[in-house]
Every structure is written in structure tokens, then in C-alpha cells.
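*Asks:* predicted model and sequence follow; I will ask about them next.
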Amino acid sequence: MRIAIPLLAIVLGLLVAVAVMRSGMAPDQPAIDPATEHVPPPLTEELAPDAEPDPATAPEPATPRDPAEPDRDPDEVDEPDEPAPALDTLQVLPAERPAAVQLGDDDPDTPARMRVNISSWGAGIRQAVLANYDRNIETDERYLIFGTVSAPNPRPGPNEPDQYTILPFAARSVVINEQRIDLQAVQWSADDPEADAAGQRVTYRLIIADADGEPVLELVRRFVLANDSYDLQFDQFAINRSDQPLDVSFEQNIQGDITADDATYLGDRRVFVAGYFDVRYDPRRNTIFTRNGFMPRHTLIGRGDIWPNPDVPQESELAWLASENRYFATITHPVVTDDMQRTGDVPALEHRFPRVGTIAVPPNTDVPDDRRAVVFTLGTDTLRLDAGEQTDLSLAVYAGPRDRRIFEERPYDLLEFNQLIRYELGCAFCTFQWLARTLLWMLEWFYWLVADWGIAIILLVLLVRLLLHPITKRAQTNMMKMGKQMQAIQPDMEKLRKKYKDNQQQLQREMMKLYREKGINPANMLGCLPMFLQMPIWIALYAMLYFAIELRHQPAFYGVFQWIGDTVGTGWLFLADLSSADHFIRFPGEGFEVTFIPFINLQFAAINILPLLMGLVFYFNMKLTAPPPPEGEMTEQQEMMVRQQKIMRIVFPFLMPVFLYSAPSGLTLYICASTFAGIIDSWIVRRHVKQLEDEGRLFEKKPVKPGGFMDRIHKVIEAKQQQMFEQQKQQTGDGGGKKKKRK
């Protein structure tokens with residue numbers, strides 16, 4: 001135990017360090033320069049939703065979808081061989097009703113799962129707020145999953161804004177017969193919102209006309225928010241309202257930065273993910289891959305592009321694009337219809353939008369990553385639309401929790417969003433995903449049994465300790481037995497060292513002989529090796545307890561501490577949220593943050609008692625498990641080991657509370673409970689060793705099972721010793737420690 005716990009801390013630290021450093025490395029490529037970005041006017045200039053357009057001047061409304069004449073899918077629209085006839089200068093007709101519209105609600109008692117505020121500027125989204133999730137446990141403010149992307153310009157110039165502002169999912173531009181029309185600073189006209197038992201919807205329209213005001217192209221965007229759904233569907237159409245063919249290409253924003261998590265213990269954990277079809281390896285499109293498709297935010301900002309991705313096969317097709325943080329995700333994906341029954345039926349997002357772009361603002365590469373904003377864009381190829389023809393450019397966005405129960409529902413099972421459920425620190429293999437999922441299943445089972453996550457964590461500790469008790473008992477018994485045996489033969493060892501001080505090979509052979517005579521198995525020197533079997537469990541638990549959304553805003557011990565706080569009127573937040581630090585005593589104000597090491601941010605907003613208690617428990621555990629110093633005169637090596645034990649006993653109990661001070665309380669609760677259970681485990685082992693010693697059976701030789709693990713280890717050690725002896729014998733010619741003199 002005294003060796004395993006320090007090694008565990010080192011392994012965990014290295015894992016996190018490697019993960020963060022690995023995620024921070026990026027090719028030396030500049031981000032796309034958005035210096036020509038057009039910034040929409042302030043959103044407060046929008047008209048009220050109930051503003052009525054003038055029927056006399058309103059353009060003839062276009063039907064989004066005519067059942068009698070189904071629109072052509074973009075896959076079926078031929079790219080033009082020759083350019084369409086030139087047009088006069090085009091213009092955007094003023095919107096008759098540029099209204100802001102709200103779909104859904106953030107009240108959890110309504111059928112809606114989220115509230116979406118839509119702007120008339122570019123028909124983009126100002127806010128998407130989840131109804132069933134709070135921002136934090138201290139307020140009733142609902143969780144803003146994404147909103148207007150903005151970043152200050154550190155060096156505004158005459159032609160540059162003070163603030164970069166981009167609306168997610170807003171239209172960016174349209175090119176008609178080689179004429180580009182910027183749509184970012186253009187308002188769209190809104191129809192009256194509609195609502196029924198299925199959900200809510202609203203349609204936005206934009207008319208592009210020629211110099212005489214005659215309509216040439218109509219763009220229609222219908223937002224559909226179904227009840228009890230985290231999906232917002234965009235039914236988009238480009239309709240040729242002229243009497244001649246049009247070559248049209250369309251570009252729009254999609255999601256960008258998702259809201260950063262309030263808990264920054266492990267830094268900014270926002271990641272962008274590209275799900276793709278590997279058509280060369282899987283031509284039937286049976287699955288969607290994400291391998292090498294994960295890109296941390298700061299890596300993307302340095303690299304500049306998320307797709308195409310040189311780390312995935314070149315023949316791959318983008319299926320969907322996700323932005324995720326610790327618990328939530330926004331995912332732009334193709335529309336899945338009822339007739340699609342398998343993943344292979346789902347069209348790739350790239351089929352409709354083959355051009356994927358990345359914008360990082362401000363464009364200054366010397367601005368810190370946390371002060372820049374990211375948004376993605378999608379663009380079509382040039383499509384030929386005959387007179388009166390329309391093309392379907394529909395897509396959808398998921399905005400909700402990374403919850404496997406939701407991802408098992410249709411259509412998310414076909415889109416295989418479950419690949420976004422990961423419990424890792426930068427390396428899925430290193431954090432043993434199968435083990436993390438198994439431990440989460442056990443934790444959920446205990447929660448079902450006791451209806452409290454804090455008690456479930458303690459029960460999980462007891463279960464893991466019970467399963468590992470035979471291993472830890474054998475390991476600790478061997479280590480203690482080995483220590484006592486080595487202490488007992490020290491006089492004989494000193495005699496051998498003095499006798500063969502000039503012949504190290506002979507000394508080793510005599511020492512092995514002494515071990516056999518005294519019943520000491522050299523393989524027991526590896527007694528701590530079984531302790532390494534606990535390492536995968538600790539690492540998997542570390543990642544699982546940090547990323548499991550099941551623990552978000554969940555109190556421990558049936559909220560008894562909150563009940564006490566409510567009773568005395570103090571609002572005690574101790575262990576009110578197992579996904580954040582325990583907050584035993586809150587400081588006034590916001591507190592402050594310190595970066596202890598590059599990948600650990602310590603938030604001093606409260607006194608967190610669990611890390612301090614953990615340090616105290618570690619101290620007593622190390623004091624209990626540390627072997628007593630050898631009696632009598634010690635060798636230089638023994639003195640060094642005793643000094644190292646004393647240093648570790650002082651430094652390690654101090655280091656761990658600092659390392660885990662801002663860690664989620666669910667994790668520190670587990671470590672505290674596990675270490676306390678380890679003290680009890682060590683006490684049982686020490687009592688067992690004392691009983692063997694009192695009965696005189698501690699040093700008795702135990703027969704080694706022929707062909708068993710220990711027998712093989714023993715034979716390997718003896719073979720190595722014999723090999724060294726033979727090599728030395730060949731070098732000296734007589735098996736002694738002195739070389740023959742040359743003649």
C-alpha cells in the first residue's frame with residue numbers, strides 16, 4: 001500500500017499531463033481569417049413579434065413544401081456544366097415582418113425540453129436554453145447550452161468592430177449566377193408561429209429580386225421544435241422564382257462554442273467531434289466512426305479546420321459535427337425520417353453541405369484561446385435550379401445532455417451519438433472505457449437500491465475493496481513477511497557481504513542460496529505487483545466520476561446538510577453537488593483561482609473539507625502501513641529507504657489535498673472512503689501477520705505449486721542468475737571474480 005498509493009498519484013498525474021499536452025499540440029496552421037466578417041446590428045433593433053406586414057406590398061408567400069410537386073434532393077440536382085445566363089444587379093427585398101420569435105419554453109413543467117430564441121438577423125439563433133437543467137445549484141437560472149458567439153476585438157481599427165458578433169445557424173451568403181449576396185446583416189420576415197400537440201414551428205422568408213424588384217430567388221427557413229425533444233429541425237429551401245435557370249450556392253453558420261463548464265478543475269474540456277462514414281472500410285455505412293475525430297478546442301483554434309480531417313481516411317464522408325463540454329453537446333446532423341431504419345439509410349451531412357469552414361474571432365493569433373470564439377460554417381456546391389424549381393437544404397441540431405439513455409432513442413441511435421459518451425482524460429484506452437462503464441452500472445444499481453448517490457459511492461467502495469481484498473491481503477502479507485524475514489537474516493547477509501565483497505557474482509549466488517535455506521521466495525519481492533491491479537479501477541473511477549452526468553447537481557446523503565442549512569437559514573451547500581467541490585464553508589464573493597500546475601486549476605471559493613480530511617486519512621494510512629525501521633545498525637541503503645519513507649509520510653498527505661482540492665466531491669468522497677477502508681484492510685492484514693508470527697508459522701516454507709505463477713517467477717529468477725554466472729564464467733575462464741592475466 002505504501003508504494004501503490006504514491007505510484008497511483010504519479011500515474012494519474014502523468015495521465016492527465018500527457019492528455020492535456022497531447023490535446024494541446026496542433027499543426028502550425030493559421031486559423032481562417034474572418035477579417036471581412038460582417039457583424040449584424042444590435043439585436044434590440046428587431047421589431048416586435050406582433051408587427052403586421054402591409055398586405056399590399058407583401059410578396060407572394062411561397063409554400064415550403066408542395067406535396068404535389070416534391071422538391072428535388074440536392075444529391076439529384078446536377079451541377080451546371082455551363083454558367084446560367086447573367087442577371088442584372090440583385091437586391092434583397094426588405095423584410096415585411098422582421099420579428100424575433102421564441103419557440104418552446106424553459107419551464108420544466110411544459111412539454112418543451114428547451115427554449116429557442118430566433119433572431120430575424122440572418123434567421124439565426126440568439127439562445128438555446130435547456131428546461132430541465134439549471135446552470136448551477138445556487139440559482140434557478142436555466143442552462144444556456146449555446147448562444148450568440150461574441151468576442152472583443154483587442155485592436156479595433158477604422159474598418160473593424162469593437163466586438164465580433166456571430167449568430168449560430170444564421171444564413172451567411174448566397175451566390176446566384178456568380179453574384180454573391182451577403183446575408184449576415186440582412187433581416188428575414190417571419191410568419192406567424194404555429195403550435196399544436198406535436199410542438200411549435202415558425203417560418204422565416206427572404207426574397208432576392210432583380211433591379212426591377214421582381215423576385216428571383218426565395219429562401220425559406222422553417223424552424224420546428226417538437227415537444228419532449230432536444231432536436232431543433234431546420235426545413236430549408238431555395239426556390240427559383242424567376243423564369244430562367246439559376247446557379248445557386250448557399251452558406252450558413254452552424255454551432256460553434258458550447259458553453260464552458262463552470263468547474264475548471266481539469267481546465268477547458270470543450271471538444272469538437274466529427275462523426276464520419278468510412279466508405280472505403282465500410283461501404284454499406286453500417287456504422288459512424290469518431291476515431292481520430294476528436295479535437296480539443298485549443299487544438300482547433302491553432303489548426304484552423306475541423307473538416308476535412310487529415311487524421312481520418314480520405315474517402316470518409318462527414319456524417320455530423322458536434323461541440324461538447326463536460327456534460328452537454330450540440331450536434332449538427334442530417335434530418336432522419338421515419339422511413340430510415342438503419343444507420344446506412346442516414347445521408348451524410350456532407351452530401352448536402354460539402355464545404356465545412358471554421359471561423360475563430362478575433363483573427364489575431366496572439367490573443368489567448370479563452371478570449372477567442374469559434375463558429376463553424378456549412379456551404380453547398382453550385383446547384384442548377386430550373387424555373388420554379390426548389391431544392392431541400394434541411395438539417396437539424398441536437399442541443400442537450402450527453403446522456404446514453406437519450407442517445408438510445410430514435411433518431412439518435414441511428415446517428416450513433418452514443419460514441420460521444422466517454423469517460424476519459426484524453427486517451428480512451430488508457431482510461432479503460434469498458435471498466436468505467438461497468439463501474440457506472442454498479443453505481444447506478446446501488447443508487448437504485450438506496451436512492452442516494454453519496455451512499456451509492458460508499459457502497460461501490462466497499463464492493464471494490466471486497467473484490468480486491470484477497471489480492472491486497474496477499475500483497476501486504478508478502479510485503480510484511482518479506483520485511484521481517486529480511487530483517488531476521490541481516491546478520492547472515494552482512495557476513496556474506498564481507499566474505500564476497502570482491503566477487504559480486506558469487507555474493508549473489510550465496511544470497512540466493514541463503515534465501516532458499518530460510519524459506520524466502522525472491523518472487524515475494526514483487527509483493528506490491530498485485531496492487532497495480534487496482535490502478536485501472538482508480539483511473540477508470542477518476543474519469544467516470546468526473547464525467548458522469550448522473551452526478552451533476554446531485555446531493556449526497558439525502559440532502560441532510562441542505563436541510564440543516566434551510567433549518568438555520570444559512571443555505572448550506574456542503575455536498576449539495578457531487579460534480580463540484582464540496583463547499584464546506586463558502587467565501588464571500590467569487591473567490592479566486594490559482595493554476596497549481598499547468599493542467600490543474602484550483603478554485604478557492606470555499607473551504608473544501610473532504611480534500612483536507614483525505615490528507616489526514618492518507619497520513620494515518622501511510623503511518624500504519626509503513627514497516628518499522630530495522631533494529632540495530634542499518635546499512636546505507638536501509639537508511640536511505642527510511643529517510644524516503646519519512647519524506648513521503650510528510651509530503652504525500654500534503655500534496656494530495658492540494659492536487660484534488662477543487663476536484664468533484666464525488667471523487668474525493670470515493671478516495672476518502674476507499675483510503676479509510678484501506679486502513680481497516682491493513683489492520684486486518686497486520687493482525688493476520690501478527691497471529692502467524694505468534695504461532696511461529698510466519699517463516700514456514702510453503703510448497704510452491706509446480707507450474708504455478710510463483711513457481712514460474714522463481715524459475716525465471718534462478719535462470720537469470722545462472723545466465724549471469726555462466727557469462728561471468730566465460731569472461732574469467734575459471735568462474736571466479738578475477739580475470740586471467742594475459743600472457
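*Replies:* Cool, the structure landed.

*Asks:* can you list the weak-confidence ranges in the stretch 201-350 of the chain?
*Replies:* Where the stretch 201-350 of the chain drops to pLDDT under 70, the residues are 263-264.

*Asks:* report the mean per-residue pLDDT for stretch 682-701.
*Replies:* Averaged across stretch 682-701, pLDDT comes to 73.

*Asks:* name the residues of that stretch that come out as buried.
*Replies:* 682, 685, 689, 692, 698 (16 or more other C-beta atoms under 10 Å). In this view, the C-beta of every residue, glycine as well, is placed from N, C-alpha and C.

*Asks:* I'd like those as JSON lines, with distance to residue 147 and secondary structure appended.
*Replies:* Formatted as JSON lines, these follow (distance: C-beta to C-beta, whole Å; DSSP: H, G, I helix; E, B strand; the rest coil):
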{"residue": "682", "distance to residue 147": "52", "secondary structure": "helix"}
{"residue": "685", "distance to residue 147": "56", "secondary structure": "helix"}
{"residue": "689", "distance to residue 147": "62", "secondary structure": "helix"}
{"residue": "692", "distance to residue 147": "67", "secondary structure": "helix"}
{"residue": "698", "distance to residue 147": "68", "secondary structure": "coil"}
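
*Asks:* nearest residue to residue 581 in space, please, no chain neighbours.
*Replies:* In space, and not counting its chain neighbours, residue 581 is closest to residue 608: 4.6 Å by C-beta to C-beta, 6 or more residues apart in numbering.

*Asks:* give the contact list for that neighbour.
*Replies:* Going by C-beta atoms under 8 Å, 6 or more residues apart in numbering, residue 608 touches 581-584, 661-662, 665, 668.

*Asks:* which pair in those spans the largest distance?
*Replies:* 584 and 662 (13.1 Å; C-beta to C-beta).

*Asks:* pLDDT at the residue nearest to residue 581, what is it?
*Replies:* At residue 608, pLDDT is 87.

*Asks:* before we move on, what about residue 436?
*Replies:* Residue-level pLDDT assigned to residue 436 equals 89.

*Asks:* now do it against residue 287, distance only.
*Replies:* 21 Å (C-beta to C-beta, to the nearest Å).

*Asks:* who's more crowded, the two?
*Replies:* With neighbours defined as other C-beta atoms under 10 Å, residue 436 and residue 287 compare such that residue 436 has more, 25 against 16.

*Asks:* wait, a strand at that one?
*Replies:* No. Applying DSSP: H, G, I helix; E, B strand; the rest coil, one finds residue 436 to be helix, outside a strand.

*Asks:* mind listing what it touches?
*Replies:* 423-424, 540-541, 543-544 are the contacts of residue 436 under C-beta under 8 Å, 6+ apart.

*Asks:* let's see 10 Å
*Replies:* 422-424, 428, 536-537, 539-545, 547-548 (C-beta atoms under 10 Å, 6 or more residues apart in numbering).

*Asks:* tell me the secondary structure at the residue lying closest to residue 574 once chain neighbours are set aside.
*Replies:* For residue 574, ignoring the flanking residues on the chain, the nearest one in space by C-beta to C-beta, 6+ apart is residue 561 at 4.4 Å. Under the three-state scheme (three-state DSSP), residue 561 adopts helix.

*Asks:* residue 561 contacts residue 568, correct?
*Replies:* No. Between residue 561 and residue 568 there is no contact under C-beta atoms under 10 Å: 11.1 Å.

*Asks:* can you list the domain ranges for this structure.
*Replies:* Following automatic domain parsing, the chain resolves into domains at 31-66+89-262+269-420, 434-489+517-694.

*Asks:* can you lay out these as JSON lines showing distance to residue 506?
*Replies:* Listed next are the domains of the chain as JSON lines, based on distance: least, C-beta to C-beta, whole Å:
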{"stretch": "domain 31-66+89-262+269-420", "distance to residue 506": "56"}
{"stretch": "domain 434-489+517-694", "distance to residue 506": "16"}
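
*Asks:* quick one: which of those is nearest residue 497?
*Replies:* Closest among those, using C-beta to C-beta: domain 434-489+517-694, at 8.7 Å.
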